[in-house]
Structures are given as C-alpha cells and as structure tokens.
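>>> model this:
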Amino acid sequence: VTFNSREIGQALGNAIVERMELEKAREEARSYNIEFFMGSPDDLKSLFLYNGVMEVLQPYLDDGTLVCQSERTSFNDTSVMRFSESEAERNLSEILEEAYQGKTLDIICTSFDSAVTGVIDALDQVGISPEGGQWPMLTGVGCELEAVQRIAAGSQAVSVYMDRETLAKEAVNMVDTYLKGEDPEVTDYEQYDNGKKIIGTYTCEIQLIDRDNYELLIDKGYYTEEEVLPEGAAPREEETDAQVSAAPTPDPD
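Numbering: from 1, shown residues only. Now for the predicted structure:
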C-alpha cells in the first residue's frame, strides 16, 4: 500500500505545463528555463517520481520550449542525496553561477518541499526575491507546514498532499481482507518489481495543493488557519450557521 510516486511526478509536470502555458509558448516559439531537483538516489520512490515528471516534460525539453541551461536533466544529475536541503541550496548556487549569468531561471521543479527551502536560500543570496519580478515557479512535494505557508503567500506554486490516514486505513483493509481468506484490492500489478516478483499494490490517491485549494488542509485539521496564513493576511470568512449545520460531523479520533 503506497502512494504512486510516478503519478506525483506527472502531477508536477502537468502543473508546470498548465501554469506556464507551455502549449501556447510552443506555438509562439518561446522558451522557459528550468532546473530540476529530484529526490535521494538511494530511495526507489525518487526514480519513479522523476520518471513521472519526465514523461510529461521531456517533449518540451526536446523541442526547446523548456531549456535546462545547466544541462542537468538525468536522474543522477538531478537527484539530491538524502533529500538534503543544504545540498539543494549548494547545487542551485553552482548552477546560478555557471549557467545563469544574464539569464532568468523561470521554473524550479523539486520533488520535496525542503528542497524548495534550500533553493529559495540560494536565490536570496543572488538577490532574487518574490518581490523582484523574476521569481520562478516552484514545485514541491509533501505539504510541509513551511511549504503550505509559502503557497498561501504565493511564493511556492504547488505541493502534493499525501493523506497518511488514508494510507493507514487501506493497509488495515488489506490485512483484514486477507485474513478473511479473500483477495485484497490491487490497483497496480505492473510497476512494483522487487527482483523476485511483481508486487500487487494498492495506490492511494494524491492531491495537488495550490493557492486555490490549500484551505483543504485546514478543513482536514492537518494545519490550523493561524499556522498557515501569512502574517497580516485576513482570515477566511466565518461560516454561517447554515453552513455549519450542513457540514458533515467528523468521525471521532
């Protein structure tokens, strides 16, 4: 029972295609600069996610709609060992120094939220800020609190939410079904190969989070409004009595 890392990568790729209007850019023969920061090479999920990203974005790299000035596009060249925030910062600092003198970096595709923290530090060191007009589109995964705060403030475009409660429930359901002598539900019997056999897997749904829907995490109780809202931001409108009465009663913990 897991989350489909390949699907997460595809979601990030599709978010970039849609938000940067890559089809329109392709028609108008325009291009955007992009850099990649993928997960740790010793974690198999990282490769699945990378493959998902490239399935969506490779055609745009091939035709020049997306340009990676550093030429770091392979998994080995873009992976960040042990998901290190500081390594992501160092890598981007090198890339900016070597490949972006006089050039604008438009998109930074990362596969974990702490990488976004690292690349923001690297951008800050060269004077690039959200207020400066050259802020890149940033993607992450995990919906860490700091990332959701950035999404609410507008400095990070998207992250991916994976509901661990759903993961736990589906694991329990699978065990319960098996103990009853029945076959557990499997949604993927193709991509998970441990070298001995293909492992039947149930993949839980993911949720792309952006500035339009980050309040889903507040509604779920994942974070409070006070934790997420940027300083000085107005809180959401209070619910009316009718809305409260119509809302479903949450299950007890």
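>>> For the nearest residue to Asn14 once chain neighbours are set aside, the count of nearby residues, please.
Counting by Cβ to Cβ, 6 or more residues apart in numbering, the nearest residue to Asn14 once its immediate chain neighbours are dropped is Val56, at 5.7 Å. Quick note: C-beta positions are derived from backbone N, CA and C, even for glycine. Val56 has 18 neighbouring residues, counting by other Cβ atoms under 10 Å.
>>> So Val56, which state does it fall into?
When classified by DSSP: H, G, I helix; E, B strand; the rest coil, Val56 comes out as helix.
>>> which residue ranges form the strands in the stretch 151-253 of the chain?
Using DSSP state E, counting those that start in this stretch, the strands of the stretch 151-253 of the chain run over 159-161, 203-204, 207-209.
>>> Could you list every helix and strand in contact with the last one?
Helices and strands touching strand 207-209, as assessed by 3 or more Cβ pairs under 8 Å, 6 or more residues apart in numbering; DSSP states H and E, comprise strand 159-161, helix 215-219.
>>> While we're on Gly132, how confident is the model there?
Looking at Gly132, its pLDDT stands at 84.
>>> Burial check on the closest residue in space to Arg82 that isn't next to it in sequence, number of neighbours?
Distance criterion Cβ to Cβ, 6+ apart; nearest residue to Arg82, sequence neighbours excluded, is Ser40 at 5.1 Å. Residues near Ser40, counting by other Cβ under 10 Å, number 17.
>>> Correct me if wrong: Ser40 contacts Glu87.
No. The criterion here is Cβ atoms under 8 Å, and Ser40 misses it with Glu87 at 9.6 Å.
>>> Now the common contact residues for those two.
Common contacts of Ser40 and Glu87 (Cβ atoms under 8 Å, 6 or more residues apart in numbering): Val80, Met81.
>>> what about the helices in this structure?
Under the criterion DSSP state H, the chain contains helices at 5-19, 22-27, 44-62, 75-78, 85-99, 113-125, 145-153, 164-179, 215-219, 225-228, 241-246.
>>> and the fourth one, which residues are buried?
Of the residues in helix 75-78, those buried by neighbour count under the rule 16 or more other Cβ atoms under 10 Å are Phe75, Thr78.
>>> Over to the first one?
Judged by neighbour count using 16+ other Cβ under 10 Å, the buried positions of helix 5-19 are 5-17.
>>> and which of those is nearest to Asp210?
Asp210 lies nearest to Ala15 out of the buried residues of helix 5-19, by Cβ to Cβ, at 7.6 Å.
>>> So the residue lying closest to the closest one once chain neighbours are set aside versus Thr166, what's the distance?
Excluding its sequence neighbours, the residue lying closest to Ala15 (Cβ to Cβ, 6+ apart) is Val158, at 4.9 Å. Val158 sits 20 Å away from Thr166, going by Cβ to Cβ, to the nearest Å.
>>> okay, the two: which has more neighbours?
Higher neighbour count among Val158 and Thr166: Val158, with 23 against 14, using other Cβ under 10 Å.
>>> is it true that the more buried one touches Asp210?
Yes. Counting by Cβ under 8 Å, Val158 touches Asp210, with 4.9 Å between them.
>>> Now for those two: what residues contact both?
With Cβ under 8 Å, 6+ apart, Val158 and Asp210 have common neighbours Ala15, Ile151.
>>> Point to the helix or strand of the protein where mean pLDDT is at its lowest.
Using mean pLDDT, DSSP states H and E, the weakest-scoring helix or strand in the chain turns out to be helix 241-246, at a mean of 40.
>>> residues touching the closest residue to Lys45 other than its chain neighbours, list them.
Nearest residue to Lys45 in three dimensions, chain neighbours excluded: Ser5, at 4.3 Å (Cβ to Cβ, 6+ apart). Listed by Cβ under 8 Å, 6+ apart, the contact set of Ser5 reads Lys45, Ser46, Phe48, Leu49, Gly52.
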